[in-house]
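# Could you work out the structure for the sequence below:
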Amino acid sequence: MEGSRENPCKPADVGMMRVFELFGKRWTGLIVSVLMQRAVHFAELRRAIPGISERMLSDRLTELGGAGLVVREVDEGPPLRVAYRLTEAGEAMEPALEELGRWAEKHLPGESGCPKTD
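Okay, here's the model as predicted:
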């Protein structure tokens, strides 16, 4: 009987869906990992993440701010400077991201990203 079968499809965990909706986007995890070290000015943050455009960085910071993970702080200067830092909720991501980093080192072979010196 076709109608009496159990549905073999089990929906994904809602919490995991929400996490990957945000952290599944390119650059988001890297931005958070840089901000874990300390508050950073926009230009410094862009230099810390090679390949990211100003527009993309701005968009991702806006998304992270909307999610309550990052706060934007303006120093009126002169010169006017904008810094970003993690909120308490953003800082709470540190253990999970560190564990993901350890997992990647163990299970994802590849270069370290640092040039080799002789």
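# Just list the residues touching the spatially most central residue of the chain, thanks.
Nearest to the mean C-alpha position of the chain, by C-alpha atoms, centre = their mean, lies G29 at 2.2 Å. Shown in contact with G29 (C-beta atoms under 8 Å, 6 or more residues apart in numbering): F23, L97, L100. Where C-beta positions appear, they are placed from N, C-alpha and C, glycine not excepted.
# Likewise for E54?
E54 sits next to R46 when contact means C-beta under 8 Å, 6+ apart.
# That one and E44: what is the separation?
Noted for E54: a distance of 13 Å to E44, by C-beta to C-beta, to the nearest Å.
# Give me the buried positions along the helix or strand where L100 lies.
Element membership for L100, per DSSP states H and E: helix 94-107. When burial is assessed from 16 or more other C-beta atoms under 10 Å, helix 94-107 yields no buried residues.
# Quick one: list the elements packing against it.
Other elements packing on helix 94-107 under the criterion 3 or more C-beta pairs under 8 Å, 6 or more residues apart in numbering; DSSP states H and E are helix 28-37.
# Rounded mean pLDDT for the helix it packs on, please.
For helix 28-37, the mean per-residue pLDDT is 94.
# quick one: buried residues of that helix?
Across helix 28-37, burial judged by 16+ other C-beta under 10 Å covers T28, G29, L30, I31, V32, S33, V34, L35.
# go on, stretch 81-90?
The neighbour-count check on stretch 81-90 (16+ other C-beta under 10 Å) flags A83, Y84, L86, G90 as buried.
# now for those, which pair is the farthest apart?
A83 and G90 (13.9 Å; C-beta to C-beta).
# Would you check that G68 makes contact with L86?
No: using C-beta atoms under 8 Å, G68 is not in contact with L86; the gap is 10.2 Å.
# Tally up the residues packed near F23, please.
Residues near F23, counting by other C-beta atoms under 10 Å, number 17.
# which one is it nearest to, not counting chain neighbours?
G29 (5.5 Å; C-beta to C-beta, 6 or more residues apart in numbering).
# quick one: that neighbour and E99, what's the gap?
In terms of C-beta to C-beta, G29 sits 13 Å off from E99.
# cool, and I31?
Taking C-beta to C-beta, one finds I31 at 18 Å from E99.
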